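>>> turn this into a model:
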Amino acid sequence: MTDSLDGPEKASDRPSESTHEPLNLITDHINAILAVFGMAWTVGLYIAFPFPTTIPLFVGAAVCLSGWTLCAWLKIAFSILRSKQFSTTFAHCLGFVPPAEQVPPLQPTVSGVPDKFFIAASLYNSEAIFGDWSRELLKLTAHLGEENTFISIYESNSNDTTKSLLEKFRTTLDTNGIGHRIVMEDQSYRWWPYGTAPERIQLIADARNMALEPLQSANATVRLEDHDAYAKVIFLNDIFFSYESIVRLIATRLDGDTSLPPNYDLACAMDYGASGLYDTWVARDTCGTPMRAFWPYAKDKPSIERIERELPFQVAACWNGAVVFPTQPFLYRGPATANEEEKSRLGKRGWKMIDLPSYPGSRVSPPLTKPIKFRKSAIDACDHSECFLFSYDLHRYHNTPDRPPRIYMNPSVKVAYDQEWFRWHNFVLRIGLVRWWVVHFHPDKKVPEKVLADIDVWLTSGDGIPESITSDIEKIPKTKIVQLSSAGANSALKGKLMQSDKAKKQIFICNASGIHAFSIPQYIIAQIVNLFTYNQTSTYLCRKDSHWPSKEELSKAVDPQQKTDVTHISMYGKTAGMLGYGAIGRETARLLKAHNCKIIAANSSGTKRGDDGYIIPGTGDADGSIPTTWYSTTDEKSFGEFLSNCDILVASLPSTPATQFLLKTKHFKMMKEKSVFVNVGRGDLARSDDILAALDSDQGLHGAALDVTDPEPLPDGHPLFTHPRVIITPHASGDFLGYQNAAADLMIANVKRAKETGKPFNIVDPVKGY
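Residues are numbered from 1 along each chain as shown. Presented below is the predicted three-dimensional model:
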């Protein structure tokens, strides 16, 4: 085992084979075959036919000449095919999106001296990838300079042939003169009992730290050696990769100025598995939102545009199979404690002379002192992977007033955990004709008429396909699915396109039921709490007067006639009636049950009904088991009994002939004393005048939260705006960050479902309207 960071002498250069050697061999064979054939032709013709002697000789010479000509053209064609200009042009014709440079040159350094690279890996059961992994790693060291690289591998607890493969690899490294340390032991494990995930995370963190140990333990001597400090760490998972891609990763930069050294704090690849982008539990965009497993991965338009062009983009956190980062934050000996000679050498390399002070750790994070290490979350903090916390600690280390941390993902660097997916993402999916799901928005926001005939699936607003694009079903003969981004479909169904019988038979209109489980149920809970605790009025008084209101002032503001007791009302034990039990109603019921509310439900049939629509995992009530009792909206007696049991009435109904103005003043008066009404469906469920009458009645509503109204929008000066026990929001309860991406996810799920079963999720019945 070689423990020194300085490997043996560099192995002598190995002779390279001519890239034209196979072609020369082929053309020589062709020449020989055609020459023999030409001679045989000449002799045969001369013997068999009484031609003049010159004819067979001419034919034979022509055959031989054609052989030489063919071989010459083969060599010319081969040279053209090998040329970068031809391959790039041909690739672009196919829609291929190649990286800007396959193998960029080594980047310049401040000192002018080539950087040294510390290559680290922690492996487990890696026999499936090890052949390709080790082969590309050797190519990488040859490109970077074997004297400029050190390889540190930590393996633990493998039960395949990984250990024996590493022993052979150690011999290869010795032969090639590459400094290395390979440690194999059985101190960690890859499974964990229920509830002990943090211990597993710490064990994986320890394994990664073991891979970095030679760099850190040898730091005191290495940093004092001239030009011998390891500038960057390349950390590789057990992945399929190409050495060219890692060189591109080293050269990652946002500005494209290759005359200066890259200035990132962490540069990450994009790693893929069978389910798409793999490390989504680590990767976060600049807003801290998890990245998606499928195209376009990011949620903001600038990042998506850079991903399309395979240009690096900034993120808040990443790891994703292969990373490169500067060594400075990970070394024990910081510049603040270095002697003058060391400071001088660090200055040559352009390293910043800072060393953050130690300070007490918060309850979330341990103290931040050098070196940064892989770790698990604090005991009383949310669990995160060691790789996510790695980026988090880089934020804490680098987020100084002069600059935020520079963490970049490089989409031109694609690695994978399976060879099939490596080839798929690096070669097949670079062809634009194959990447059929990549959505491009037309620059002028119009769909060119020439492409209408080829469209199978549309993703639109709740209005459906605009008439400005087409209202003629004959122009979209292939269209099968129109995926709406809204739960309501009445506007799309009323459009001119959907009035033809052919369109109704050909096209599935699919609403976005299911995606609102991310937002509307939370809105409903918040507004119930606000109505029961008068939060909106308290907040208004505090903001208006910059004054702490007394209970009497609050009571007067809530009810000028002083009839209302403003003591807070608890949700505990209340009965919540769900008027409409689709995706929104089911997720709201689940959340209300967690507040110990009794749940009842009303639908047109009055019977329990399951949900076979689009359901986000972990949400809703698919089998309809939460409501204790079901009532019918079409039976007046049953509907009245439903309302009389409600402390809370949540309406999430669509607008249909059967639901328009279903609720009247008399229905609100049937509800329990101090009951509240929340409407997130459609405003025409109840007239605004009826709601006002119920609120002002001695036997009526205690409060109402309306995200939808009749009419909508409410005209300026409408009394609902100023009623003290009403909360009005401008039809915004469904909006959330990433809404359109959630709609796109539903569209993708619908395409898959349609391929598998013939029908997508959430098909809207043109007759019922939902």
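
>>> and the residue nearest to L144 when sequence neighbours are not counted, what does it touch?
The shortest distance from L144 to any non-neighbouring residue, by Cβ to Cβ, 6 or more residues apart in numbering, is to F117 (5.5 Å). All C-beta atoms are positioned from the backbone trio N, CA, C, and that covers glycine. F117 makes contact with 144, 148-150, 230-234, 250 under the criterion Cβ atoms under 8 Å, 6 or more residues apart in numbering.

>>> any weak-confidence spans in this protein?
Within the chain, the stretches with pLDDT under 70 are 1-113, 187-198, 216-229, 256-260, 332-370, 379-381, 399-403, 430-446, 562-564.

>>> for it, longest strand please?
The strand that spans the most residues within the chain, counting by DSSP state E, is strand 407-416.

>>> strands of the stretch 451-600 of the chain, residue ranges please.
Applying DSSP state E, counting those that start in this stretch to the stretch 451-600 of the chain gives strands spanning 457-460, 481-484, 508-510, 575-579, 598-603.

>>> between these, which one is nearest to R200?
For the strands of the stretch 451-600 of the chain, proximity to R200 was assessed by Cβ to Cβ; strand 598-603 is nearest, at 37.7 Å.

>>> mind giving me the packing neighbours of the closest one?
Under the contact criterion of 3 or more Cβ pairs under 8 Å, 6 or more residues apart in numbering; DSSP states H and E, strand 598-603 touches strand 575-579, helix 583-594, strand 629-632, helix 636-644.

>>> next one: the first one to chain centre, how far?
Same thing as strand 575-579. Taking Cα atoms, centre = their mean, to the nearest Å, the mean C-alpha location of strand 575-579 is offset from the chain mean by 36 Å.

>>> show me how far the longest strand of the chain is from its chain's centre.
With Cα atoms, centre = their mean, you get 13 Å for strand 407-416.

>>> just the CA trace of stretch 465-479, in CSV.
The C-alpha coordinates for stretch 465-479 follow below in CSV (Å, rounded to 0.1, in the frame of the first residue of the first chain):
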residue,chain,number,x,y,z
ILE,A,465,-56.5,25.0,-27.1
PRO,A,466,-57.0,28.7,-27.9
GLU,A,467,-59.2,29.5,-30.9
SER,A,468,-56.4,31.8,-32.1
ILE,A,469,-54.4,28.6,-32.8
THR,A,470,-57.1,26.4,-34.2
SER,A,471,-60.8,25.6,-33.7
ASP,A,472,-60.8,23.0,-36.5
ILE,A,473,-60.4,19.4,-35.5
GLU,A,474,-59.2,18.5,-39.0
LYS,A,475,-56.0,20.5,-38.5
ILE,A,476,-55.0,18.4,-35.4
PRO,A,477,-55.8,14.8,-36.6
LYS,A,478,-53.2,13.2,-34.2
THR,A,479,-54.2,15.1,-31.0
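
>>> contacts for it?
Under Cβ under 8 Å, 6+ apart, the answer for stretch 465-479 is 446-447, 449, 452-458, 460, 482, 495-497, 500, 502-503, 506-507.

>>> weed out the non-buried ones from those residues.
Restricting these to buried positions leaves 447, 452, 455, 457-458, 460, 482, 495, 497, 503, 507, with burial counted as 16 or more other Cβ atoms under 10 Å.

>>> on that earlier part again, of the helices and strands packed on strand 598-603, which approaches P713 most closely?
Here helix 583-594 is closest among the helices and strands packed on strand 598-603 (Cβ to Cβ), at 21.4 Å.

>>> any idea how far whichever helix or strand comes after the longest strand of the chain is from the middle of the chain?
The helix or strand immediately downstream of strand 407-416 is helix 419-426, counting by DSSP states H and E. In terms of Cα atoms, centre = their mean, the centre of helix 419-426 is found 18 Å from the chain centre.

>>> flag every buried residue along helix 419-426.
Here helix 419-426 shows 421-422, 424-426 as buried, counting by 16+ other Cβ under 10 Å.

>>> pull the CA atoms of the longest strand of the chain into PDB?
Taking Å, rounded to 0.1, in the frame of the first residue of the first chain, the C-alpha atoms of strand 407-416 are listed here in PDB:
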ATOM      1  CA  ILE A 407     -22.000  25.700  -6.600                       C
ATOM      2  CA  TYR A 408     -22.500  24.700 -10.200                       C
ATOM      3  CA  MET A 409     -24.000  21.700 -12.000                       C
ATOM      4  CA  ASN A 410     -22.500  20.900 -15.400                       C
ATOM      5  CA  PRO A 411     -25.100  19.200 -17.700                       C
ATOM      6  CA  SER A 412     -22.500  18.300 -20.300                       C
ATOM      7  CA  VAL A 413     -21.100  15.900 -17.700                       C
ATOM      8  CA  LYS A 414     -23.400  12.900 -17.600                       C
ATOM      9  CA  VAL A 415     -22.600   9.900 -15.500                       C
ATOM     10  CA  ALA A 416     -24.800   6.900 -14.600                       C
END
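
>>> now it against helix 419-426, angle please.
Here the directions of strand 407-416 and helix 419-426 differ by 130 degrees (axes from the mean of the first three to the mean of the last three Cα atoms, to 10 degrees).
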